[in-house]
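Trainee: Next come a sequence and a model predicted from it.
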Amino acid sequence: VSAMLKLLFAEILGRHTDPKDKLSERVMSYIRIHATSINSNEDVAQAFGYHPVYLGELIKRTTGKTLHAAIMEAKLQLACRWLAGTEESVDEIAHLTGFCSRAHFCTLFKKKLGISPTEYRKNTNNV
């Protein structure tokens, strides 16, 4: 009865949120914080004690993007900050953000942002 009353009060007060939404928010926050050390969906799933497929489906349902895409997006956002704010080489940034190679990093960067990391750096330094 107590649990039902708490749930009722939470709904009345507008604080009721789906626990899956909270998990999704925690996962996305974890990805942003740990992007450099995440190598796969399994790394994220292991951190939360869930199966990677379950977490992947949850993230897809709540964000509209795959778990892998969310990880890559976080890595690329970090890379953009480093390209704009440091003098680290593109090779070093690729390594620091956890990409397996400069080629993979550059290919994904250009695919997602439309320009190469070097062009991005040049454009952000000229602004």
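Mentor: Here it is on my side, so go on. Keep in mind that this is a model prediction, so the values were computed, not measured.
Trainee: Going by C-alpha atoms from here, please, whenever you check contacts or count neighbours.
Mentor: OK.
Trainee: So the residue nearest to S37 when sequence neighbours are not counted, which state does it fall into?
Mentor: Ranked by CA to CA, 6 or more residues apart in numbering and with sequence neighbours excluded, the top spatial neighbour of S37 is G98, at 6.2 Å. Secondary structure, DSSP: H, G, I helix; E, B strand; the rest coil: G98 is coil.
Trainee: my read: G98 touches H34, true?
Mentor: No. Using CA atoms under 8 Å, G98 is not in contact with H34; the gap is 10.2 Å.
Trainee: need the helices for this structure, in chain order.
Mentor: Counting by DSSP state H, the chain has helices at residues 2-12, 19-34, 41-48, 52-63, 67-85, 90-96, 102-113, 117-125.
Trainee: can you list contacts of the second one?
Mentor: Contacting residues not belonging to helix 19-34 are listed as I38, V44, F48, L58, I59, T62, A70, I71, A74, K75 [CA atoms under 8 Å, 6 or more residues apart in numbering].
Trainee: Pull out the buried residues from that helix.
Mentor: S24, V27, M28, Y30, I31, R32 (16 or more other CA atoms under 10 Å).
Trainee: Which of the contacts of helix 19-34 sits closest to W82?
Mentor: Distance to W82 across these (CA to CA) is lowest for K75, with 10.6 Å.
Trainee: what about that closest one, how many residues close to it?
Mentor: By other CA atoms under 10 Å, 25 other residues sit near K75.
Trainee: roughly how far is stretch 75-89 from the heart of the chain?
Mentor: Counting by CA atoms, centre = their mean, to the nearest Å, stretch 75-89 is centred 15 Å from the centre of its parent chain.
Trainee: what do you get for stretch 22-42?
Mentor: Stretch 22-42 sits 6 Å away from the centroid of its parent chain (CA atoms, centre = their mean).
Trainee: same check, this time on stretch 95-110
Mentor: The chain centre lies 15 Å from the centre of stretch 95-110; the measure is CA atoms, centre = their mean.
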